[in-house]
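*Asks:* task: produce atomic coordinates for the following.
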Amino acid sequence: MSRSSIEIERKLLRLLHGHKTRTRLTQIHAHLLRHNLHHSNQLLSHFVSVCGSLNRTVYAAKIFNQTHNPNILLFNSMIKGCSLNASFREKSIHLFVSMKVRGICPDEYTFAPLLKACCGLREVKFGEFVHGEVIRSGFERFGSIRIGVVELYTSFGEMEGAMKVFDEMGQRNVVVWNLMIRGFCKRGDVDMGLCLFRKMSERSVVTWNSMISYLARSGRDGEALRLFCEMRDQGVELDEATVVTVLPVCARLGAVDVGQSIHLHAESSRLYREVVPVGNALVDFYCKCGILETASKVFNEMGKKNVVSWNVMISGLAFNGRGELGVDLFEQMTSEGVSRNDSTFVGVLACCAHAGLVEKAWELFGSMTGKHQIEPKLEHYGCMVDVLGRCGRMREAYDLIRSMNKNPNAALWGALLSSCRTHGDVELAEHSVNELIKLEPHNSGNYVLLSNIYAEGGRWDDVEKVRVLMRDKSVKKSPGQSAVESLQIPQSEIQHIHALESEIARDSWVSFMNLTLSNYVASPCSVSPKKEEDVKPDITKKEPVQEAIVSQPNVPAIQKIPKAEEKLPVSMKKEEPVKVNIGSGSGVDVASKLELYIGERGL
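*Replies:* Here you go, the predicted model:
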């Protein structure tokens, strides 16, 4: 090759790997043709690789198909390019077969992208075929190829095949361990994933983040939080993924102190000011913990915001019953020209529900299809039912459900049923329950709500009928679950609270703190008659009982027992939204000697 040709090749290679390559691909291709270099497999392999990385696979395929004698280098580049594009992954298998037909032997660089492509295909059979070719070609000992095989089997949940390859590996790096942990956890075997995690001698921050995330996704928030504390104690540096993963766990558990410590880290590292998902996670955490002042401060200090940032803040205001502020924030979002999506309207409609802004809700709901071209989903209809129901306009809510062009789900009928209880509409409540039983016959909450409506109306015969119906359908009332963090002692407690059972009252944590509630008047729905003669009790009679507002038996040794006049901070977080009716003489006035931080919908 002449000196001038070598210089031209070097120039073209520099152009190919330059920062303006995307806009110059056709020009570079023209240079190849002009200088008769379009048959150079080396140059073409670079060209095809660049096309693949720029998602120009179609262009790369045209050039490849015009090549008369592609070699292994060009085939490998084309296979890798196809593996990067979801629409061309199966094409990479065909290229491999074509290469074999031409008598070109694969090398160690052929199989890694080929296995990667197989991970994204619908069936594992393609991957099994490639794995067989790996063994036949004698490349099963290469580290990158072994990792590819493990990733292949874990992607399809074929953990037996993955485990076989894993066991045969003499040296296993962090990537392989992470793949195995991910494979077991994605298959639902989180315990096996945790077992492998414990066996690792060296873990990356990705390993910690993944394991915490898998525990949280499987509903094991307590274990996830303990693992995070262990991670922090071992001096592992938190990254943005850690923050985004752990903060929702803290919010669900009400672990305010841990969340605040994460906030301090994010602030010192400027994560929340520069990384939008971190700021969003912090706003969401503080909103769900009911600390709106800090949530607003974080929101305002965020250097960049996206639509999710606004949605989280608006929904957080609704979550804490500050609907008018949420509507104002929505108007500010509009004035600043931020695009809105369907989640934005779920949040602002929830704000309208809490603020009682019925006409504003109708205006926003109507603007979705008109001004914003957003098709209302079931969630939006659910918000409107809630808006109308809270204002006592149940018939209007019922008509809205019936006018939908979608099949109403349980959430819609449940919202209507809840409103019927609040406003005592027994007829609509019965209709709602009938619809709910069709959709979710074993959800105890629906039966309990109807029973409470009957009880509040003094219809004890109907209360008994509901109880019999539950028994006939083998429906059992699910116990409530709360998380309590007191004196930095996190506990999770399944509470079975009955207002008239003195044994529970004696064991309650409130009685431990010597808070005796006298002159307590039970609400009708809290009375559960068990005998024929008890069906119509005198519910107005005052009983000197102790009410277990917070029940926490088996509390570990407390270092400091507060005096009666001292305030003891308690952070409470309920697992399900509960509407609390606090009236005169309910006992809450005495329990308010505690300082409660309550983050709860509908309070």
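*Asks:* report the residue ranges of every domain in this protein.
*Replies:* Residue ranges for the domains of the chain, per automatic domain parsing: 377-478, 481-598.
*Asks:* any low-confidence regions in the stretch 1-150 of the chain?
*Replies:* Along the stretch 1-150 of the chain, the model assigns pLDDT under 70 to residues 1-9, 11-13, 15, 18-25, 35, 37-38.
*Asks:* sorry, back to before: which stretch in the domains of the chain has the least confidence?
*Replies:* Lowest mean pLDDT of these: domain 481-598, a mean of 45.
*Asks:* where's Tyr454 relative to Glu464, distance?
*Replies:* Counting by CB to CB, to the nearest Å, the gap from Tyr454 to Glu464 is 9 Å. Just so you know, the C-beta spots here come from the backbone N, C-alpha and C atoms, and that holds for glycine as well.
*Asks:* before we move on, what about Lys199?
*Replies:* 57 Å.
*Asks:* Lys186 too?
*Replies:* Separation of Lys186 from Glu464 (CB to CB) stands at 47 Å.
*Asks:* quick revisit: the more surrounded of Lys199 and Glu464?
*Replies:* Using other CB atoms under 10 Å as the criterion, Lys199 and Glu464 rank with Glu464 on top: 15 against 8.
*Asks:* in the helix or strand hosting the more buried one, which residues are buried?
*Replies:* Here Glu464, judged by DSSP states H and E, is contained in helix 460-472. Buried positions in helix 460-472, judged by neighbour count with 16 or more other CB atoms under 10 Å: 460, 462-463, 466-467, 470.
*Asks:* stretch 129-148 too?
*Replies:* Judged by neighbour count (16+ other CB under 10 Å), stretch 129-148 contains these buried residues: 130-131, 133-134, 137, 139, 142, 145-148.
*Asks:* ok, stretch 94-101 next?
*Replies:* Of the residues in stretch 94-101, 95-96, 99 count as buried by neighbour count, 16+ other CB under 10 Å.
*Asks:* just stretch 83-90 next, same as before
*Replies:* 83-85, 88-90.
*Asks:* relative to Asn55, which of these is nearest.
*Replies:* Taking CB to CB as the measure, Asn55 lies nearest Asn85 of the buried residues of stretch 83-90, at 6.3 Å.
*Asks:* which phi and psi does the residue lying closest to the closest one once chain neighbours are set aside have?
*Replies:* Closest residue in space to Asn85, ignoring its immediate chain neighbours: Thr57 at 4.4 Å, by CB to CB, 6 or more residues apart in numbering. Main-chain dihedrals, Thr57, degrees, to the nearest 10: phi -70, psi -40.
*Asks:* ok, now how distant is Thr57 from Asn178?
*Replies:* For Thr57, the distance to Asn178 (CB to CB) stands at 28 Å.
*Asks:* same check on Lys438?
*Replies:* Relative to Asn178, and taking CB to CB, Lys438 is found at 45 Å.
*Asks:* neighbour count winner among the two?
*Replies:* The neighbour comparison of Lys438 against Asn178 (other CB under 10 Å) goes to Asn178, with 22 against 10.
*Asks:* which residues does the more buried one contact?
*Replies:* Taking CB atoms under 8 Å, 6 or more residues apart in numbering, we find Asn178 in contact with 204, 206-207, 210.
*Asks:* show me which of those residues are buried.
*Replies:* Of the contacts of Asn178, these count as buried by 16+ other CB under 10 Å: 207, 210.
*Asks:* taking the contacts of Asn178 as a set, which two sit the farthest apart in space?
*Replies:* The distance between the two most remote of the contacts of Asn178 (CB to CB) is 9.4 Å, for Ser204 and Ser210.
*Asks:* quick one, strands of the chain?
*Replies:* 480-486, 489-495, 569-574, 595-598 (DSSP state E).
*Asks:* am I right that Val448 is in contact with Ser478?
*Replies:* No - at 9.2 Å, Val448 does not count as touching Ser478 under the criterion of CB atoms under 8 Å.
*Asks:* tell me which of these two has more neighbours.
*Replies:* Val448 (17 against 13).
*Asks:* which residues sit in contact with the more buried one?
*Replies:* Taking CB under 8 Å, 6+ apart, we find Val448 in contact with Lys477.
*Asks:* going by distance to Arg393, which of the buried residues of stretch 94-101 wins?
*Replies:* For those, the nearest to Arg393 is Leu95 (64.2 Å; CB to CB).
*Asks:* distance of that closest one from Thr110?
*Replies:* On the measure of CB to CB, Leu95 and Thr110 end up 10 Å apart.
*Asks:* which residues do these two both contact?
*Replies:* Contact criterion CB under 8 Å, 6+ apart; residues shared by Leu95 and Thr110: 75, 79.
*Asks:* quick one, phi/psi of Ser204?
*Replies:* According to degrees, to the nearest 10, Ser204 has phi -90, psi 170.
*Asks:* spatially nearest residue to it (excluding sequence neighbours)?
*Replies:* Among residues not flanking Ser204 along the chain, Val174 sits closest, at 4.9 Å (CB to CB, 6+ apart).
*Asks:* got the contact list for stretch 264-282?
*Replies:* For stretch 264-282, contacts defined as CB under 8 Å, 6+ apart pick out 238, 240, 243-244, 247-248, 263, 295, 298-299, 301-306, 308-309, 312.
*Asks:* mind redoing it with 7 Å?
*Replies:* Residues from elsewhere that reach stretch 264-282 (CB atoms under 7 Å, 6 or more residues apart in numbering): 238, 240, 243-244, 247, 263, 298, 301-306, 308-309, 312.
*Asks:* ends of it, what's the gap?
*Replies:* 11 Å (CA to CA, to the nearest Å).
*Asks:* buried stuff in that stretch?
*Replies:* Quick answer for stretch 264-282 (16+ other CB under 10 Å): 266, 269, 271-273, 275-282.
*Asks:* over to stretch 336-349?
*Replies:* Buried residues in stretch 336-349, counting neighbours by 16+ other CB under 10 Å, are found at 338, 340, 343-349.
*Asks:* straight-line length of that stretch, end to end?
*Replies:* In stretch 336-349, first residue to last residue: 20 Å (CA to CA).
*Asks:* what of stretch 435-455?
*Replies:* Stretch 435-455 has an end-to-end distance of 21 Å (CA to CA).
*Asks:* same deal with stretch 147-167?
*Replies:* End residues of stretch 147-167 are separated by 12 Å (CA to CA).
*Asks:* now do the spatially most central residue of the chain against Tyr398, distance only.
*Replies:* Using CA atoms, centre = their mean, the residue of the chain that lies closest to the mean C-alpha position is Arg217, 7.5 Å off. Applying CB to CB, the value for Arg217 to Tyr398 is 37 Å.
*Asks:* how about Lys125?
*Replies:* Distance of Lys125 to Tyr398, computed by CB to CB: 52 Å.
*Asks:* the more surrounded of those two?
*Replies:* Between Lys125 and Tyr398, Tyr398 has the larger neighbour count (other CB under 10 Å), namely 21 against 11.
*Asks:* quick one: contacts for that one?
*Replies:* Tyr398 touches 416, 428, counting by CB under 7 Å, 6+ apart.
*Asks:* how about 10 Å then?
*Replies:* By CB atoms under 10 Å, 6 or more residues apart in numbering, the residues touching Tyr398 are 385, 388-389, 413, 416, 419-420, 425, 428, 431-432.
*Asks:* what does Leu450 give?
*Replies:* By CB under 10 Å, 6+ apart, the contact set of Leu450 is 417, 420-421, 426, 429-430, 432-434, 436-437, 462-463, 465-466, 469.
*Asks:* which residue, other than its chain neighbours, is closest to it?
*Replies:* Once flanking residues are discounted, Leu450 sits nearest to Val433: 4.7 Å by CB to CB, 6+ apart.
*Asks:* contact partners for the one you found?
*Replies:* Going by CB under 10 Å, 6+ apart, Val433 touches 413-414, 417, 420, 446-447, 449-451, 453, 466, 469.
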